[in-house]
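>>> Got a predicted model here, sequence first, then my questions.
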2 protein chains.
Amino acid sequence: MKLLDIFGALKKDIDYIERQLYDSIEGDDELLSETSLHLLKAGGKRLRPIFVLLGGKFGAYDLEKLQYVAVPLELIHSASLVHDDVIDDAATRRGKPTVKAKWDNKIAMYTGDYIYAKALMLATRLNNPDIHRILAKSMVQMSVGEMEQIRDFFNIDQSVRHYLLRIRRKTALLIAISCQLGAMAAGAPAKVHSLLYRFGYNVGMAFQIRDDLLDLCGTEKMIGKPPGSDMRQGNITLPVIYALQDKEIREPLLQEITEIRSGHDTRRAIEMILSSSGIKRAEELADRFIDKAMQALEQLPEGKSRSHFKEIALFVNKRSY
Amino acid sequence: MKLLDIFGALKKDIDYIERQLYDSIEGDDELLSETSLHLLKAGGKRLRPIFVLLGGKFGAYDLEKLQYVAVPLELIHSASLVHDDVIDDAATRRGKPTVKAKWDNKIAMYTGDYIYAKALMLATRLNNPDIHRILAKSMVQMSVGEMEQIRDFFNIDQSVRHYLLRIRRKTALLIAISCQLGAMAAGAPAKVHSLLYRFGYNVGMAFQIRDDLLDLCGTEKMIGKPPGSDMRQGNITLPVIYALQDKEIREPLLQEITEIRSGHDTRRAIEMILSSSGIKRAEELADRFIDKAMQALEQLPEGKSRSHFKEIALFVNKRSY
């Protein structure tokens, strides 16, 4: 199920952004176009461009302008996935081989560099230094978040707070600025940007928690890669942190995690986590973030765009496993 | 020998930029600061910041502003080296272990991502979208150049033109915009930017040719890494392309290159190239680029800054092997 099925209203504009996305990485170098297109064509929810367009509705909506925020944000997201797959040694993403698997790590590295640079280059078509600043700053935060993730691989002593800080940088900030920059590019009032930022930040947090839940509770068909991938690569996510707080489960789960580290499969660890309160508690925290997102929304002018934002937030938080 | 020894006049300002360079990568994440500082502290000629400062002298010189071009340009250069060392599997750079050797490829990848993003973030302190645009565009070109280099590894059939296009993207463009952006940030007239761009471009081409010559003719002490590194990693440079045009040398040299590819040392190949006309012809081409750089300089207003630019161009082209 794709988010874009939700709104017929935006369909034409989303299709336009999709074409601009493909066009943006054509023409510089054949191999770079091929590697860059590879991931983009594998799909994705295009959550960030959709948020940009919806945010633009709070100001003077102009698709010609908004594209220079929508396309860069999706490109930054894609570049981060390409580099992420190098770190995770991931073979598949969105049900297709990753760039690093189809080509190699080195080509994946430069593909990511290229897409990042291209994203910023496109954003500079807008003569708005504030937008350039916010984009560059969020890329700094994302790379810090990625580094934290590497350092925390198999760190079984991390706190919930630590996890939340990491997903804030890794995921939530980019979604927050997607909501914000659409409104900003459309010249909406500052109060609107900051409410949309707050909305996006909270939706982003819920989104990542849901994503981490899906990796434990979903099927390979649903998530485009084998479940338990996070655990295999040592990424200790919220449900695992909660499960480790359960006295009866902690010791056997730690034992399983040690064995996963030496190549054992994740089946038993996942069973333990599912039998703990970890799933429920993580779901509750995601719900709380969605509540906060809704509170920010309520302060925005009523209308179609606000309802669409609400629909997406509920969609993101749907228990689809 | 360091370029900064050449001018006492700029010493104080160059030291300031040096401190800002270190400060720029402090405070986000301990590991990222450590990995980023590692390369920066190993030295380097700071050619790009020096060009920025000199370019600034053609307008309203303001160090507070110029730092937001000088630091980003050196950071972009550094980030490209960190990623480059991943590709080249390089163990040392500037006489010290590379980030990829001291830590690993993955950490080197995110270190580069972080430094790139930080560079752009700093540049956005200037409210000049043209500058942001030129920086982002040059990063796109650099990543295209890097990809071309990977693809051309051990391509013994490449033409001189092909080589020149590659080093243009890989090296010359960043040096060109270093000269240009200093003048631009200082509000110098457009005619000055474009002459400085042309000067920088031609110096950059000569610089890379000299660098490639040094890799064949220099000693390990001079170049901070073992000579012949380019050949070992399959990077076919100008003197090699010229040597391969020499009928008597072509076949035995091709044979040696094949053996280098399977791990043989580069000693005999280097001897062959030194005995060919390849070195002399490459030097002549570097000289021609320096001549063109001088022609651009002559059209700029006379003065101290112009003489400094001239000194650097001559320094870059000095046969220090």
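It's in. Residues are numbered from 1 along each chain as shown, chains lettered A, B, ... in the order given.

>>> what's around the closest residue in space to A:Y114 that isn't next to it in sequence, how many residues?
With Cβ to Cβ, 6 or more residues apart in numbering or on different chains as the criterion, A:Y114 has its nearest non-adjacent residue at 4.0 Å, and that residue is B:S143. Heads up, the C-betas are built off the backbone N, CA and C, glycines and all. Using other Cβ atoms under 10 Å in any protein chain shown, B:S143 has 28 neighbouring residues.

>>> my read is B:S143 is in a strand, agree?
No - B:S143 is assigned helix when assessed by DSSP: H, G, I helix; E, B strand; the rest coil, not a strand.

>>> Starting from A:T266, give me the distance back to the residue lying farthest from the centre of chain A.
Residue farthest from the centre of chain A, counting by Cα atoms, centre = their mean, is A:E248 at 33.1 Å. A:E248 is 20 Å from A:T266, where distance means Cβ to Cβ, to the nearest Å.

>>> now do A:L53
38 Å.

>>> who's more crowded, the two?
Between A:L53 and A:T266, counted using other Cβ under 10 Å, the more crowded position is A:L53 (27 against 21).

>>> If you count contacts, what does the host helix or strand of that one end up packed against?
Element membership for A:L53, per DSSP states H and E: helix A:47-56. With contacts taken as 3 or more Cβ pairs under 8 Å, 6 or more residues apart in numbering or on different chains; DSSP states H and E, helix A:47-56 sits against helix A:11-24, helix A:63-88, helix A:173-185, helix A:190-217, helix A:304-316.

>>> check contacts around A:K191.
A:K191 sits next to no residue when contact means Cβ atoms under 8 Å, 6 or more residues apart in numbering or on different chains.

>>> Give me the neighbour count for A:R46.
A:R46 has 22 nearby residues by other Cβ under 10 Å.

>>> Relative to chain B, how far out is the residue farthest from the centre of chain A?
Remark: distance between A:E248 and chain B (Cβ to the nearest Cβ, to the nearest Å) = 35 Å.

>>> Please report how far that residue lies from A:V160.
According to Cβ to Cβ, A:E248 and A:V160 sit 19 Å apart.

>>> which is the next helix or strand following the least confident helix or strand in chain A by mean pLDDT?
Across the helices and strands of chain A, mean pLDDT, DSSP states H and E gives its lowest value to strand A:92-93, namely a mean of 76. Next helix or strand after strand A:92-93 toward the C-terminus (DSSP H and E): strand A:96-97.

>>> What are the contacting residues of that next one?
For strand A:96-97, the surrounding residues in contact (Cβ under 8 Å, 6+ apart) are A:H38, A:A42, A:A91, A:G224.

>>> check contacts around the last one.
Translated: A:G224. With contact set as Cβ under 8 Å, 6+ apart, A:G224 has these partners: A:T92, A:R93, A:R94, A:G95, A:K96.

>>> Enumerate the residues of the stretch 151-300 of chain A near chain B.
A:R151 (Cβ under 8 Å from any Cβ of the partner chain).

>>> show me where the stretch 151-300 of chain A has strands.
Taking DSSP state E, counting those that start in this stretch, the stretch 151-300 of chain A contains no strands at all.

>>> Show me what residue of it gets nearest to chain B.
Residue nearest to chain B within the stretch 151-300 of chain A: A:R151 (6.2 Å; Cβ to the nearest Cβ).

>>> so that residue makes contact with B:E30?
No - here A:R151 lies out of contact with B:E30, judged by Cβ atoms under 8 Å, at a distance of 9.3 Å.

>>> which regions of the stretch 201-321 of chain A sit below the pLDDT cut-off?
A:319-321 (pLDDT under 70).

>>> Let me know the pLDDT of A:D89.
A:D89 is assigned 73 on the pLDDT scale.

>>> All the helices of the stretch 151-300 of chain A, in order from the start?
For the stretch 151-300 of chain A, applying DSSP state H, counting those that start in this stretch gives helices covering A:160-167, A:173-185, A:190-217, A:220-223, A:229-233, A:238-244, A:247-261, A:267-275, A:278-298.

>>> Of those helices, flag the one that's most buried.
Most buried of the helices of the stretch 151-300 of chain A, by mean neighbour count (mean count of other Cβ atoms under 10 Å in any protein chain shown): helix A:173-185, with a mean of 28.

>>> any idea of the angle it forms with helix A:63-88?
170 degrees (axes from the mean of the first three to the mean of the last three Cα atoms, to 10 degrees).

>>> Quick one: list the elements packing against helix A:173-185.
Contact here means 3+ Cβ pairs under 8 Å, 6+ apart; on that basis helix A:173-185 packs against helix A:47-56, helix A:63-88, helix A:129-152, helix A:190-217.

>>> at 10 Å instead, please
With contacts taken as 3 or more Cβ pairs under 10 Å, 6 or more residues apart in numbering or on different chains; DSSP states H and E, helix A:173-185 sits against helix A:47-56, helix A:63-88, helix A:129-152, helix A:190-217, helix A:304-316.

>>> Any idea which of the ones you listed gets closest to B:I115?
Closest to B:I115 of the helices and strands packed on helix A:173-185, according to Cβ to Cβ: helix A:129-152, at 8.7 Å.

>>> Return the alpha-carbon coordinates of that closest one using CSV.
Written as CSV, here are the backbone C-alpha positions of helix A:129-152 (Å, rounded to 0.1, in the frame of the first residue of the first chain):
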residue,chain,number,x,y,z
PRO,A,129,19.7,30.8,2.1
ASP,A,130,17.6,29.7,5.1
ILE,A,131,16.5,26.7,3.2
HIS,A,132,20.1,25.8,2.2
ARG,A,133,21.1,26.2,5.9
ILE,A,134,18.4,24.0,7.2
LEU,A,135,19.2,21.3,4.7
ALA,A,136,22.9,21.3,5.3
LYS,A,137,22.4,21.3,9.0
SER,A,138,20.1,18.3,8.9
MET,A,139,22.7,16.4,6.8
VAL,A,140,25.3,17.1,9.5
GLN,A,141,22.9,15.7,12.1
MET,A,142,22.1,12.6,10.0
SER,A,143,25.8,11.8,9.6
VAL,A,144,26.2,12.2,13.4
GLY,A,145,23.3,9.8,13.9
GLU,A,146,24.7,7.3,11.5
MET,A,147,28.0,7.3,13.3
GLU,A,148,26.2,6.8,16.7
GLN,A,149,24.5,3.9,15.2
ILE,A,150,27.7,2.2,14.1
ARG,A,151,29.2,2.9,17.6
ASP,A,152,26.1,1.4,19.3
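
>>> Okay then, goodbye and thanks.
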